[in-house]
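**Student:** Got a predicted structure here, sequence first:
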Amino acid sequence: MLTGSGRVRCLFGTDGVRDVANRGMLTPEMALHLARAFVWWLVRRGVSRPRVVVGRDTRRSGDMLEAATMAGLMSAGADALTVGVLPTPGVSFAIGSVGASGGVVISASHNPAEYNGIKFFDSQGCKLSDEDEASIEEYMDDHLLDDWRPTGASTGVVGDGAFLRERYQHWLESLAGEHTWPGRLVVDCAHGAAVPVAGPLFALLGADTVVTGDRPDGLNINEDVGVMHMSHLVGCVKEHRGQLGVAFDGDADRVLFVDRQGRTLDGDVLLWVLARWLRRRGTLGSGVVATVMSNMALEEHLGEEHIPVFRCPVGDRYVLETMKREESQLGGEQSGHIIIREFVSTGDGLCSALLFLRACRELGEDVDTLVDRFARYPQILRNLHVKDKRRILEDDNWQVFLNQAEARMQGVGRILVRPSGTEPLVRILVEAKDPTLVQAVSDDLEARICALNAEN
């Protein structure tokens, strides 16, 4: 991206700015500068004195980056309302609850503890569009921003938003209504932002709850726990004889389940159940939005219910954009980001978990048979570490090879190859009803990318 000074900068990925904390793109200096640019973006859109909600997850670097972010906000004339450790969707909720101008979340979601990130929200609690993020990047090199130095009463102040954590939990409690969950529920908080909310929430709803991943020390977020390491939850469900297990990621905007047999119920299964529940309620809208990563079985099963599926790029903000365009009330990702517009404007793992449990009860679903009945297409997803993902994917020889592989899958399956938005990875997804074909094509694609990576 070409900035106003002629320099090339590309800070924002698929989910805000993310890097190893205190290095590269995510130093305290950068956080301060980003926060000032965000305020300038708000001011240029007519907000005379912005009020911004700031939340974070449990990473050790969170305090450092939170302090820098709030300094940047106040330096540019915005008031900062800090809510401390709170799930990303909790910050989105808080923005609407107090009528704030926007929000900032300091979190690297599912990434290891040494990473951190900064993502911005608008006054509706929605993540910013690519165009809005591009504007913020441009403002960082705008000389007018350097001159924007409010003084005296025009400088910002910091407010204590701790009361919003309780307000968020009360709202979540209301989603379950009068229903309780029969049987034992095992909840994995990933040592992350769900810790202050999840355990008490499910216990208050009457579930016999066992909580794990609930001892954050600043360095263990997502470490062998949560949605990135479902084997931990599987072991806990079996150890405690749970009926169902629930796992969140570091900032609790994603959720996955496991049944009593230890089989994962991913976002596709959640969408399949929730779509039928919302249609019964008359609040589904035009259909379901799913990303390019969702299994073809989702379209097949929802097609049997005469429910259309609209595909979009990976990322919950693209899910929301497509939902608005298609007038859909339900969308999500296989990875566990689920958006139900009647309730939220961004992925909310806690909200999705409660509504999924409620949907299963009201539909009379047998949770232990969902995996069997969904009957997904065989699918292989591989994440390949590379030195230069862009160079590999733009290589002419790679494009020829990929075209040949896609021709081989024509009419029987599909191939998706894309770069990670936050890590030095190329992701390969191959899917078809024939598992032998899936394995062969996946192996061929991996071998070619590894060869190209060695050459570069």
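**Tutor:** Thanks, I have it.

**Student:** make it CA atoms for all contacts and neighbour counts henceforth
**Tutor:** Noted.

**Student:** What ranges does the stretch 201-350 of the chain have for its strands?
**Tutor:** For the stretch 201-350 of the chain, the strands defined by DSSP state E, counting those that start in this stretch occupy 208-212, 244-248, 255-259, 264-265, 288-291, 309-312, 330-332, 338-340.

**Student:** would you list these in JSON lines and tack on distance to residue 51 and mean pLDDT?
**Tutor:** What follows is the strands of the stretch 201-350 of the chain, written out as JSON lines (distance: least, C-alpha to C-alpha, whole Å; pLDDT from 0 to 100):
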{"stretch": "strand 208-212", "distance to residue 51": "35", "mean pLDDT": "94"}
{"stretch": "strand 244-248", "distance to residue 51": "29", "mean pLDDT": "97"}
{"stretch": "strand 255-259", "distance to residue 51": "30", "mean pLDDT": "98"}
{"stretch": "strand 264-265", "distance to residue 51": "39", "mean pLDDT": "98"}
{"stretch": "strand 288-291", "distance to residue 51": "32", "mean pLDDT": "97"}
{"stretch": "strand 309-312", "distance to residue 51": "32", "mean pLDDT": "96"}
{"stretch": "strand 330-332", "distance to residue 51": "30", "mean pLDDT": "98"}
{"stretch": "strand 338-340", "distance to residue 51": "25", "mean pLDDT": "97"}
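
**Student:** what about the ones you listed, which gets the closest to residue 22?
**Tutor:** Proximity of these to residue 22 was assessed by C-alpha to C-alpha; the nearest stretch is strand 244-248, lying at 25.8 Å.

**Student:** That closest one vs strand 208-212, what angle?
**Tutor:** Per axes from the mean of the first three to the mean of the last three C-alpha atoms, to 10 degrees, the angle that strand 244-248 makes with strand 208-212 is 40 degrees.

**Student:** For strand 244-248, output the C-alpha coordinates as PDB.
**Tutor:** Output of strand 244-248 as PDB, limited to C-alpha atoms (Å, rounded to 0.1, in the frame of the first residue of the first chain):
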ATOM      1  CA  LEU A 244     -20.500 -32.100  25.800                       C
ATOM      2  CA  GLY A 245     -17.400 -30.000  25.600                       C
ATOM      3  CA  VAL A 246     -17.000 -26.400  24.700                       C
ATOM      4  CA  ALA A 247     -13.800 -24.700  23.600                       C
ATOM      5  CA  PHE A 248     -13.000 -21.100  23.000                       C
END
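
**Student:** and that strand, what other elements does it pack with?
**Tutor:** Counting contacts by 3 or more C-alpha pairs under 8 Å, 6 or more residues apart in numbering; DSSP states H and E, strand 244-248 packs against strand 184-188, helix 230-239, strand 255-259.

**Student:** closest to residue 132 out of those?
**Tutor:** Within these, the stretch nearest residue 132 is strand 255-259; the backing value is 27.6 Å (C-alpha to C-alpha).

**Student:** The closest one: how far from the chain's middle?
**Tutor:** Using C-alpha atoms, centre = their mean, to the nearest Å, the mean C-alpha position of strand 255-259 is found 16 Å from that of the whole chain.

**Student:** Please name the nearest non-neighbouring residue to residue 317.
**Tutor:** Distances taken as C-alpha to C-alpha, 6 or more residues apart in numbering put residue 127 closest to residue 317, at 6.2 Å, once the chain neighbours are dropped.

**Student:** ok so, going back, tabulate the helices and strands packed on strand 244-248 (CSV), appending distance to residue 398 and mean neighbour count.
**Tutor:** Supplementary listing: these in CSV, determined by distance: least, C-alpha to C-alpha, whole Å; neighbours: other C-alpha atoms under 10 Å:
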stretch, distance to residue 398, mean neighbour count
strand 184-188, 40, 26
helix 230-239, 33, 19
strand 255-259, 34, 26
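
**Student:** now these as CSV including distance to residue 163?
**Tutor:** Listed next are the helices and strands packed on strand 244-248 as CSV, based on distance: least, C-alpha to C-alpha, whole Å:
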stretch, distance to residue 163
strand 184-188, 24
helix 230-239, 31
strand 255-259, 25
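
**Student:** from memory the residue nearest to residue 317 sits against residue 121, does it?
**Tutor:** Yes - applying C-alpha atoms under 8 Å, one finds residue 127 in contact with residue 121, separated by 4.5 Å.

**Student:** okay, and the helix or strand of the chain with the least pLDDT?
**Tutor:** The helix or strand of the chain with the lowest confidence, counting by mean pLDDT, DSSP states H and E, is helix 143-147 at a mean of 82.

**Student:** hmm, back to that, the residue nearest to residue 317: neighbour count?
**Tutor:** If you count neighbours by other C-alpha atoms under 10 Å, residue 127 ends up with 25.

**Student:** Just grab the bridge partners of residue 431 for me.
**Tutor:** As for beta bridges, residue 431 partners with residue 379, residue 414 under DSSP bridges.

**Student:** Surely it and residue 415 touch.
**Tutor:** Yes - under the criterion of C-alpha under 8 Å, residue 431 makes contact with residue 415 at 6.6 Å.

**Student:** Where does the prediction get shaky in the stretch 1-150 of the chain?
**Tutor:** 1-9 (pLDDT under 70).
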